[in-house]
Structures are given as C-alpha cells and as structure tokens.
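Participant: Test case, fold it:
(2 chains)
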2 protein chains.
Amino acid sequence: MKIAIAQLNPTIGDLSANAKQILDAAKQASQNDTRLLLTPELSLCGYPPRDLLLIPSFVKSVAEELSNLAQQLPPNIAVLVGTVENNPDAASKGQKPLFNSIALLDGGKVQQIFHKRLLPTYDVFDEDRYFEPGYQSNAFSLDSLKIGVTVCEDLWNDEEFWGKRNYEIDPIEDLVNSDVDLVVNLSASPYSVGKQKLREAMLKHSATSDRVPILYANQVGGNDDLIFDGSSFAFDRAGEVVCRAKAFDSDLVIVEYDRDKQDLLPASTVPLAETEEGEIYSALVLGVKDYARKCGFSKVVLGLSGGIDSSLVAAIAAEAMGKENVFGLMMPSPYSSEHSITDAEALVNNLGIKTQKLPIGDTMTAYDKLLEPLFAGTEFGVAEENIQSRIRGNLLMAIANKFGYLLLSTGNKSEMAVGYCTLYGDMNGGLAVIADVPKTRVYSLCRWLNRDREIIPANVISKPPSAELKPGQTDQDSLPSYDILDDILDRIIHQHRSPEEIIAAGADPKVVKKVMKLVARSEFKRRQAPPGLKITDRAFGTGWRMPIASRWLRLN
Amino acid sequence: MKIAIAQLNPTIGDLSANAKQILDAAKQASQNDTRLLLTPELSLCGYPPRDLLLIPSFVKSVAEELSNLAQQLPPNIAVLVGTVENNPDAASKGQKPLFNSIALLDGGKVQQIFHKRLLPTYDVFDEDRYFEPGYQSNAFSLDSLKIGVTVCEDLWNDEEFWGKRNYEIDPIEDLVNSDVDLVVNLSASPYSVGKQKLREAMLKHSATSDRVPILYANQVGGNDDLIFDGSSFAFDRAGEVVCRAKAFDSDLVIVEYDRDKQDLLPASTVPLAETEEGEIYSALVLGVKDYARKCGFSKVVLGLSGGIDSSLVAAIAAEAMGKENVFGLMMPSPYSSEHSITDAEALVNNLGIKTQKLPIGDTMTAYDKLLEPLFAGTEFGVAEENIQSRIRGNLLMAIANKFGYLLLSTGNKSEMAVGYCTLYGDMNGGLAVIADVPKTRVYSLCRWLNRDREIIPANVISKPPSAELKPGQTDQDSLPSYDILDDILDRIIHQHRSPEEIIAAGADPKVVKKVMKLVARSEFKRRQAPPGLKITDRAFGTGWRMPIASRWLRLN
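Facilitator: Sure, this is the predicted structure:
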C-alpha cells in the first residue's frame, strides 16, 4: 500500500485555499496509486489558529470546508485532514469546547474522527485554552491494515527517551498494545535549532522499542513568529529512515508499506542540513518570505547601518523576496563613521538591492532646536541618542507607508535581551527577522554566508560593533564582550538560572548582576517589539510571558 | 471567632515586601483578637507571576519566604497565605511542576497546604501552563470549627447559577458534602465593568443554596494590564452581605463567626460604586498609580491634543500621580485647529498640571525636505499624516528619556480596534491608559467627571473628534459614527460574531465589512501596543491572541 505525506504550507484561516492545497496533493498522490494521504495537524485552518478558535462561525466554516473537501477528493484515496471539532459534552461535563482533531475522509465522506490526546500548554503553545484532550486511543483499518493515528504532541511522551513522563498517558504505548501495523503522526511542530535531530532520535526510539513503522507528516511555512520546517519523515521497524521530505519547503513524498515484510520500504530521502547555520538561514528566509506573502507584501524596506545585523537581514531579505524587492535605506548622522556608508554600499553591491542615502543631520538639528526650551543645560545622553534612532525609524516607516513596503527590523536577540535598542527607533518593523538570533550566532551566520564568495563585506564582520549614536561609541563601552554576554544570556533566558548559579559557573558577579538587571528592565521594550522569527526553544515573543512591573530579576 | 480579610496589594516577585504586608496585617488583626487571617491568592509572590514560575530559584525563594513568615507571625493568629508549591510527582506521573497553593501558617510553622483545584486557562489566564490542579477537597479545623478552603476559580463552577458546568468538578459541593462550617475563598480576580455584581450574585447563590457562610478575600492593585479591585466581602448563610472591603484600595476587615448562630455576624460594609463610570475611573486611576509605582516612576508625561482622549487621560493621571507630577505637552502642527490649543490650555488650567508648547511645523519641513528625493510627485496621504504623529511620539519619548518620566499613551479601544492610530506615534507609551475604553465610554466618563464642576472643558466634549493630521479632517470622514462603530466592535470583539450575524442584527453590510477588515488589518499594530489597562471581559492585550498573517477576518 502506498502512503503519501503532503507537507503543506497553509495560511491561517484561509480555509478554501488550504482545502485546495489538500485537494491538489490528493489528486497528485492518487495518480501514483496512493491509498492514503497524510496532511499536517490542523491542515484545514493552519496551525496555530489561536483565538480564531473562539469565533463560532470560524469553527462552523471549518466543518463546512471539511465536508466539501470530502466530496471533492478523487476516489480510492483516503485522506487524513487536520480539523477542529465541537465537543458536544462541553457544557454538561464542564469540558473545553473543541477538540484538535483528525478527520479520515474516504469515499466522499468523513468516515471517522480522532482527537489529539496530549495538548501542549507551554512555551508558545496554548492548547488547553481551546481544546479538550481525546480520551480514546485512535486507530482505523484501511484495506485490512490497522493504522494508529497520533497528533503531534501525542508522540512526545516516551518516558524511556526523556527519562521522565511529560504527560500521564502515552498514546503510542496504547496503540502498540492494540497491535497496530503502523503509526502515523500529523504534526505542526515549529522549528528550532537541532529540533529535527531530536524528533528523529525520539521517533527512532519509539519505532525500534515498539517495533512499529512510524510516518511523521509535519507542516511547513512561516506563521507570524513560528517557522515550521517540514522535514517530514518515516521510520521502518528497524528504526531506519525510509523517507524524508524537504526542509523549509512544501513537498509530497510517497512511501510504500510492504504487507509481506510488514514494514515500510526505503523511498526518497532528502539529507539533513549540514550545518546549523545553513538550517537557521533557510528558516529565516522562509520566515520572511511567508510573513510577507501571507500579509500581502511583495517588497520590503530596511535600514542599512553598515553594521553586521542589518547586513545579515538584508541578505536574508534578498534571498526571500528577490533582490529587486529589497530597499535598503542609509541614514547617516554626524556621528556615523565613514565605514558605515562604505560598508553599506559594499553590501548593496554584493546583494544587488536598491538603496538611497538620506542624511539625518538637519532633522536632528530641528529636534534639538525644538527641545531647546526643555533640554537647555542638560547633558547629551540616552534621550539624544534615541532621537537619532527614532528619526531613522520614522523615515523607514514613512517609506513603508508611502509605498506599501514591509519594514524589517534588524535587532538581534542579545540586544533585545539587554535593551540595547531603541523602542520606536531601530525596533520599528512589521517583522523582527533576527530577534531570536544571539549576536555571536549573527557572526557565525555571516561567516557561513561568505563560505563561497563575499556576501557580507569583510569589514562588516571584522570591525568592532557600534550603534554610532555618539562619537567613537562601541557596544563594548556599555556591554561585556558578546561571547561572555551570550553565555550569560543563555543561562538566564534558556536555562532560567539564578545569578548565584551563573556566578557559581564562573561568571563575573558584577557582570552577571548588571546583565540580569538589564534583562529585567527591558521587558517593557520587548512587550512592544514586532513578532520575531523563532529559532530557539526560548524566544522572546508569544512564548515569553514575563510581568513588566515586577521586582524579581530587578532586585535579586 | 474573629476572622480578618487582608486585602493586599502585592508587587509581583517582591517577596520580602509582600511578606511584610502579610505580617503587618497579621499584627494589626491580632491586636483585635482575630484568630484567622485570610490573604489573597498567591499573596506571597503577587498574582499573576507568569513566567517567573519557570525559574526554579524563584519558586525556592517563595518557599523560604513562607517559612520565614511563619516564624515571624504573632502567636494565636493563623494565617492563610497564597504560595506556590513544587509537585513532587511531576516527573513520575507526567504532571505539571507546581501547585497554586494556600499555606495554613499557625504556631510558627506551615501546618497544612491546600492546592487550587480549578485552573483558569482562558482570556488572560494561563494556569494550565504552570500548575497541576489539586485533587483533594481542602479543609482544616481551627478551634473545632471546620473551614473549607477554596482558591479563586474553585468557586466559579456553580452549575445552577451558570446554567452549565465550567469544570468537571465542583469544589464547593465537595466541601458542603463534608459538612464544613464555613467556606473561605482566596482570590486574585481582576476587575472588569460589573464584575463585583457578578461575583456577589454568584456567591450569594452558593451561600444560600448550600446554607454556608462564605468569606471572599480578593487582591487589590494594578499589575501591568490587570487591575484587581479588591471589594472583598462575606455572605452569611441567608445570603446577606455581612462585610465588604474598599474597592480599589488596600483594606483590612474583621468579621465575627458566632458559634451559637453558626453564622457570620454583620460588620462594616463599604457600599458598591454608584455608577459604572465611577467604578471605571477608580480602576484606571489605580492602574496608572500602581504601574508607575511598581516600575519606579514618580512623574508622567503625555501629549495634549485638545481632544477628548488625551484630556481624559490627563485627568486620570493628575488624580493618580498628583497634578504636580503630570506634564502635558502640546505639539501643534500647521493642520492643528486653534481650539486644539485653547482647549488643551483650558484643560491644563482645570487640572493644574504642567505644560509646554512645542510646535512641530519646522520638524515636519525637515522630514519633507529629507524625503523629497523619494516622495516627489506623490500625493499627501497616510505616510505624511503618520510622520506628524511620529514626530510627536519622538518628542514625548525624548522628554520621557531625558527626565525619567513614564509616557502615557492616550488611544481608546475603538481606535485600537480599527487601527485609527499611528504605530510609533500616538501609540507610544509605557502604559495605554484607556486602551480598553471604547470611545462612547470615553464620552460618558468625561461627562461623569464633570458632574460637579468642569474638569474636561465643555468644548472638548462637544466638538467633533478629529486627529487633525490634514486640514479639516474629522474621525467621521473615514469611520462610522462612534455609536454605530462601538456597537459593531462589541459584537466582533466581545461576542465573536460573524459579519452575517452582525448584519442580521441590523447593521449596514458595507459598514460591517469595512470595520471587520479594519479590525483584522490592525492586528500588527495591537501586537506592538503598550500594555493597556483592562476594564472589560475582552481586552486587547495578554488575553487577546490573534494571528497576524491570517486570512480569516480579512476575507470573510
């Protein structure tokens, strides 16, 4: 029996277009005699639909679209479609109103409905907000093959693999105990660095310890801050990869189940990314491309300072949008170094993007004059530095508004962590492309980009980083070196360590306390930041929920 | 037996200061021979601690503070303290790592621990993210009185009152079945318009149908977007209010349980607010006061346009911070009407706040000149309108940065809904004071404010609202009248209605479609808005979780 995985890129809430993607994949797969097609979790509405799930007419439309789709599918192909279902017992039993479900479409009808059993409610996931877990083990028979159905998180509770239980029940254990021939998993699993290796290690463990083939269908595409990497795959009972779909692109892969061998046969396999940098770069390119496309933008604008952050974002944007659709604005001030312009120009040449230079000196003077009655006698400081950054932010938004461009902001994760960025200035933008990329990783990405030819000008990488908001300024005037900073930040943000623990690990107590305070005091900035593409397990954004008016990190 | 309710205003994460509040209340109560003191839910760390709960050292510090507090309490007074507890079974049973708990402190020790059973995970609440529910009914004996313990949501599942179950179990039913003499509830229940009436109606129903006295201790104070109104109260078995604490202020109330009557005796009762406007105004004043105080600001700045929104926010700020701590900046442009200045000046006089006038015409010219190479030949439009708003936003932030003021933004909920506001312009601020107040309610609040004497100048209320970003502009050039708009918005935002349903209710189809599209397209602005004080059941902010790159409302 041939089984296909449709690795789809839905747009949240665009039900008819998403249904058409499923239909097209089903038609294509059925031409190859495929008997069963898998699509990702919530493939009909896209993942995550978030509070659209609170709108009854939305849920109703999903059901209607599902029923239409069932009628349009080609004969002889069954399709598993991710959908939402009303919970009829919600009011009487005090349960949540919906299920995160999988519909088995076959013969023009919805044949069976399965409910997701393990509901992630951590990090960016809010599934308990909407869904009741399914209480039954999910399986169906197709041409006398018994197929177990799981949805994303349902497979993430292998106690032996994790060394602990994450949930009380283990759906795959239940399925194996009921003698399924194979297990399918319909996922919408967001990308983070190294996640694919983790997924494969985990499912290899399940496949081999339970002696069951597993097919894993993942969503692909960017939805706001989340990037879904695809890389759908299948394991045979021996724990060998028999197929793997593309990373960061839509795909349709077909794999054969051999009834005699009771196992999946080897099929086409796309290799894993060779480097983390290559993987991250592809993720960010897809994130920009899809955010722009799904919001209706065809062109982007960004500020070019000649620094490494804006250079990297420009390169990503050129790859994502096409170089002719990227506009890089240079906005030198009297404090800008000469290389800020020459380096930006070299980058523009390397990338072949459009550019313009608008020196902001006169506009700075206009603000100085205007504020004279209030600021006379005070010293040049953060207020004046921020004015420059906000003039630039204003110019960029004026261009974005005038020509309908998407403004990309260029701040990195280290800056966002310590607040080394100006709210309403360089933080401006519809999408923060590298907001989850620490500064040290920005460097390694640029070096990786330059592996064959110079894309990021050499001087951009070698010069000391500076905001150039006052004469002779460098980042290290007020921050520790980025190696040290990123190590401390990782312990604070990812590992949730206390200052004492970080100091015990060898860091300078003064530096740790300073960084801790900066992280705490910058919460108000992060709250107002644009969505930032998530590439780690702990990004600022929808999964980072810290109070602002709090005294915890501030004092301790 | 005397029982006291300490209606406390904790700062999130300020453990030692919060513990001191509890200790002070216990000392005061014990001077009145009080045997039991109730404090709010999570009184030790403040509610909501949000992702601070993911930091193990934070949880450890809470436990240490609890144990210290137990040792410091006066003799002969037992105290119920809201705290977090580690779940020892988390890893082995696949449960959540913490409990939302109540500790009974008595005799210098933690005598007993109770766990919250119903965990709200909707709107702004994310309790399933952190907590495992308690599986046992919670009660203890004190001087041979059997007292049932519930935490906030535990009481919000009265099936008869709601006409449906909200959760599978009903903790109060369990307690009544185990013959408790009275029930206490420790809450952190955020304010919304009319919420206190709902709370009292619900608990009156429980008290009378179960024939049990109920004491309800609520948190008070502003924590970011949430305002806790206090108004703690108690019902006797007949469902009569026997005491009610202040609204929007800390308080300590003592009530007596009569063993012969097996009931609570009447004590001091603060009346409910007479008008919704009075209630909302108090809520917003407290929200501003606490956000500023807990973030360390003593002065605020805001832009004064002579319009009704900024006038209302100035009045709230003057009440919250003291008039000498409010700085109102007037920033007229060539498009500003004369009354924009005269009305703002009248307001400044009425309030007695500080002010300054900075005309932005020359700065606008500087931008026009600078953008000339790019904008030549294009028509004046939204880009130019936004430049003005962003110049103002830049000036306000410059002043905030220079002098350490908190910038208050002045946009109302109707504007935020349809995007009739400029990102990085008038949306700038650390706190959006009236972001959850619809425009029609802004008018009613101003009329209410003027009930005894003119605070908001009459002309501010009577003139047609205008952003004054181009000559002769009024809001109604591009929006329906606010009566109509607010009605449609309420149906979209609060009732989650579809366009078809809103049209069926009598609204103009064209207007509905336009508003729907505006709401959908403004999601990217709202994502970057400052925290807005929540006064309704459905505010934009932490409880509003809509995708941006979505096609749902946009197309339908």
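Participant: can you list the domains in chain A?
Facilitator: As given by automatic domain parsing, the domain ranges for chain A are A:2-272, A:278-475+A:524-537.
Participant: closest to B:I22 out of the ones you listed?
Facilitator: With CB to CB, the closest approach to B:I22 among these belongs to domain A:278-475+A:524-537: 28.2 Å. From N, CA and C alone the C-beta is placed, and that goes for glycine too.
Participant: Off-centre distance for the closest one?
Facilitator: 20 Å (CA atoms, centre = their mean, to the nearest Å).
Participant: Return the residue spatially closest to A:F161, with its sequence-adjacent residues excluded.
Facilitator: With CB to CB, 6 or more residues apart in numbering or on different chains as the criterion, A:F161 has its nearest non-adjacent residue at 4.6 Å, and that residue is A:H205.
Participant: Neighbours of A:A504, how many?
Facilitator: 10 (other CB atoms under 10 Å in any protein chain shown).
Participant: Could you check how far it is from B:Y135?
Facilitator: Using CB to CB, to the nearest Å, A:A504 is found at 37 Å from B:Y135.
Participant: Check A:L155 too.
Facilitator: 27 Å.
Participant: These two - which one has more neighbours?
Facilitator: Using other CB under 10 Å as the criterion, A:L155 and B:Y135 rank with A:L155 on top: 22 against 8.
Participant: The more buried one reaches A:H205, doesn't it?
Facilitator: No. Counting by CB atoms under 8 Å, A:L155 stays clear of A:H205, with 10.4 Å between them.
Participant: A:M321 and A:S298 touch, don't they?
Facilitator: Yes. The criterion here is CB under 8 Å, and A:M321 meets it with A:S298 at 7.4 Å.
Participant: Mutual contacts of the two, please.
Facilitator: Overlap of the contact sets of A:M321 and A:S298 (by CB atoms under 8 Å, 6 or more residues apart in numbering or on different chains) consists of A:A292.
Participant: which one of those two has more residues nearby?
Facilitator: A:M321 (22 against 12).
Participant: Phi, psi for that one please.
Facilitator: Here is the backbone geometry of A:M321 (degrees, to the nearest 10): phi -110, psi -10.
Participant: who are the neighbours in contact with it?
Facilitator: Residues counted as contacts of A:M321 (CB under 8 Å, 6+ apart) are A:V288, A:K289, A:A292, A:S298, A:K299, A:V300.
Participant: so A:Y281 touches A:R447, yeah?
Facilitator: No. Between A:Y281 and A:R447 there is no contact under CB under 8 Å: 11.7 Å.
Participant: how many other residues sit next to A:Y405?
Facilitator: 22.
Participant: okay, the nearest residue to it once chain neighbours are set aside: pLDDT?
Facilitator: Leaving aside its chain neighbours, A:Y405 sits nearest to A:V301 (4.2 Å; criterion: CB to CB, 6+ apart). Note on A:V301: pLDDT of 98.
Participant: show me what contacts A:V301?
Facilitator: A:V326, A:F327, A:G328, A:L329, A:L396, A:I399, A:A400, A:F403, A:Y405, A:L406, A:L407, A:L408.
Participant: Show the backbone phi and psi for the fourth one.
Facilitator: By that I understand A:L329. Torsion angles, degrees, to the nearest 10, at A:L329: phi -100, psi 130.
Participant: Could you do the first one as well?
Facilitator: Backbone torsions of A:V326, given as degrees, to the nearest 10, read phi -120, psi 130.
Participant: I figured it hits A:S298, correct?
Facilitator: No. A:V326 lies out of contact with A:S298 (CB under 8 Å); the separation is 10.9 Å.
Participant: Quick one: the helices in the stretch 401-550 of chain A, in order.
Facilitator: All helices of the stretch 401-550 of chain A, identified by DSSP state H, counting those that start in this stretch, fall at A:413-418, A:439-449, A:458-462, A:482-489, A:499-504, A:509-521, A:523-527.
Participant: Quickly check: the fifth one near chain B or not.
Facilitator: Yes. Applying CB under 8 Å from any CB of the partner chain, one finds helix A:499-504 in contact with chain B at A:E500, A:E501.
Participant: of A:Y281 and A:R447, who's got more company?
Facilitator: Set side by side, A:Y281 and A:R447 show more neighbours around A:Y281, with 20 against 12, by other CB under 10 Å.
Participant: returning to that earlier point: out of the domains of chain A, which gets nearest to B:Q31?
Facilitator: Closest approach to B:Q31 among the domains of chain A (CB to CB): domain A:278-475+A:524-537, 40.8 Å.
Participant: where do the strands sit along the stretch 101-250 of chain A?
Facilitator: A:109-115, A:139-142, A:145-151, A:182-187, A:214-218, A:220-223, A:226-229, A:233-235, A:241-244 (DSSP state E, counting those that start in this stretch).
Participant: mind giving me a markdown table with these and columns for mean neighbour count and distance to A:D33?
Facilitator: Shown next, in a markdown table, are those (neighbours: other CB atoms under 10 Å in any protein chain shown; distance: least, CB to CB, whole Å):
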| stretch | mean neighbour count | distance to A:D33 |
| --- | --- | --- |
| strand A:109-115 | 18 | 20 |
| strand A:139-142 | 16 | 14 |
| strand A:145-151 | 23 | 15 |
| strand A:182-187 | 26 | 18 |
| strand A:214-218 | 27 | 17 |
| strand A:220-223 | 28 | 25 |
| strand A:226-229 | 27 | 29 |
| strand A:233-235 | 28 | 18 |
| strand A:241-244 | 22 | 17 |
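Participant: Dump the ones you listed to TSV, plus mean pLDDT and distance to chain B.
Facilitator: Shown next, in TSV, are the strands of the stretch 101-250 of chain A (pLDDT from 0 to 100; distance: least, CB to the nearest CB, whole Å):
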stretch	mean pLDDT	distance to chain B
strand A:109-115	97	17
strand A:139-142	98	22
strand A:145-151	98	16
strand A:182-187	98	18
strand A:214-218	98	19
strand A:220-223	98	6
strand A:226-229	98	10
strand A:233-235	97	24
strand A:241-244	97	27
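Participant: Quick one, which of those strands gets closest to A:M1.
Facilitator: Taking CB to CB, strand A:145-151 is the member of the strands of the stretch 101-250 of chain A nearest to A:M1, at 6.2 Å.
Participant: I'd like to know which elements the closest one is packed against.
Facilitator: strand A:98-106, strand A:109-115, strand A:139-142, helix A:171-177, strand A:182-187 (3 or more CB pairs under 8 Å, 6 or more residues apart in numbering or on different chains; DSSP states H and E).
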